[in-house]
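In: All I have is the shape, not the residue letters:
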Ligand code: SF4
């Protein structure tokens, strides 16, 4: 398996752990606000072989706790992703997997094989608005299934939503709360315009701090913990 990026050190991508992070290439969504367009459209020129990542990890035993696998959409790599995760677990590292939830089969497999220690799944919008939000056809039953698999997995997890003001109303965000009701951890993520799949989105804004505080109150009706980041 080849990766489109590698960060050798991060303190912010795995809660309370010291980690490194790999970026998988390709995604089946085209969220207009996505800040990794070159990974999504596969124009990224970096190609790092998994052996290089595994060799690096071998030199970091006791210094790093974990590997974060993000994308793009990692689960699109199916068997290749699973066998890579097996090798990482053999080295004794924790693994966090970021996913858009489109492949519940892969999620179930990595949970069943105990290859993952933390799952972060994006909740893009209320289920009824998914296709409009990610600008690609979506099997929403797969999204619903992934939510349920993760909630009942026993693995640490979070759901999170990137909030662009013009894309999600307060009512729509509350509908997300209803659809993930009973979840442990949920994060409202402020959209920060840097680089985007759709350059028009560089002009978009998110809600104010006061509005985020109100949204947090709303979401706390549905989830055990709601954070803002
Ligand atoms: S933000 Fe959307 S387009 Fe970008 S990697 Fe995540 S799921 Fe894919």
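Out: That came through, no problem. Note that the structure is a prediction, hence the values are computed from the model and not measured.
In: Now do the contacts for residue 72.
Out: Residues counted as contacts of residue 72 (CB atoms under 8 Å, 6 or more residues apart in numbering) are 4, 23, 24, 25, 26, 27, 36, 39, 40. C-beta: built from backbone N, CA, C; applies to glycine.
In: Considering these, which is situated nearest to the ligand?
Out: residue 27 (3.3 Å; CB to the nearest ligand atom).
In: that's a strand at the closest one, yeah?
Out: No - with DSSP: H, G, I helix; E, B strand; the rest coil as the criterion, residue 27 is coil rather than part of a strand.
In: Next one: it from residue 215, what distance?
Out: Plainly put, residue 27 is 26 Å away from residue 215 if you go by CB to CB, to the nearest Å.
In: on that earlier part again, can you tell me which one of the contacts of residue 72 sits lowest on pLDDT?
Out: The pLDDT minimum for those sits at residue 36, where the score is 93.
In: hang on, the earlier thing: now the contacts of residue 72: which count as buried?
Out: Buried members of these, counted by 16 or more other CB atoms under 10 Å: 4, 23, 24, 25, 26, 27, 36, 39, 40.
In: Quick check: the gap between the residue of the chain most remote from its centre and the ligand.
Out: For the chain, the C-alpha lying farthest from the average C-alpha position belongs to residue 59; by CA atoms, centre = their mean, that distance is 26.7 Å. In this structure, residue 59 and the ligand are 29 Å apart, going by CB to the nearest ligand atom, to the nearest Å.
In: got the contact list for the residue nearest in space to the middle of the chain?
Out: By CA atoms, centre = their mean, the mean C-alpha position of the chain lies nearest to residue 98, the distance being 3.3 Å. Listed by CB under 8 Å, 6+ apart, the contact partners of residue 98 are 68, 69, 70, 71, 74, 120, 121, 122.
In: Mind pulling the model confidence for residue 196?
Out: Here the pLDDT value assigned to residue 196 is 81.
In: no no, residue 59
Out: The predicted local distance difference test score for residue 59 is 98.
In: Residue 210 too?
Out: Taking residue 210 on its own, its pLDDT is 97.
In: How about the one 5 residues further on?
Out: As summarised for this prediction, residue 215 has a pLDDT of 98.
In: Backbone dihedrals for it, please?
Out: phi -60, psi -40 (degrees, to the nearest 10).
In: wait, it sits on residue 170?
Out: Yes - using CB atoms under 8 Å as the test, residue 215 is close enough to residue 170 to be in contact (6.7 Å).
In: quick revisit: give me the beta-bridge partners of the residue nearest to the centre of the chain?
Out: When bridges are called by DSSP bridges, residue 98 pairs up with residue 120.
In: so how far is the ligand from it?
Out: Counting by CB to the nearest ligand atom, the gap between residue 98 and the ligand amounts to 8 Å.
In: so how far is residue 172 from that residue?
Out: When CB to CB is the yardstick, residue 98 and residue 172 sit 23 Å from each other.
In: Residue 66 now?
Out: The value you get for residue 66 to residue 172, if CB to CB is used, is 33 Å.
In: about what we covered before: distance to residue 228 for the buried ones among the contacts of residue 72 - can I get that in CSV?
Out: Putting the buried ones among the contacts of residue 72 into CSV (distance: CB to CB, whole Å) gives the following:
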residue, distance to residue 228
4, 29
23, 25
24, 27
25, 30
26, 30
27, 25
36, 22
39, 26
40, 25
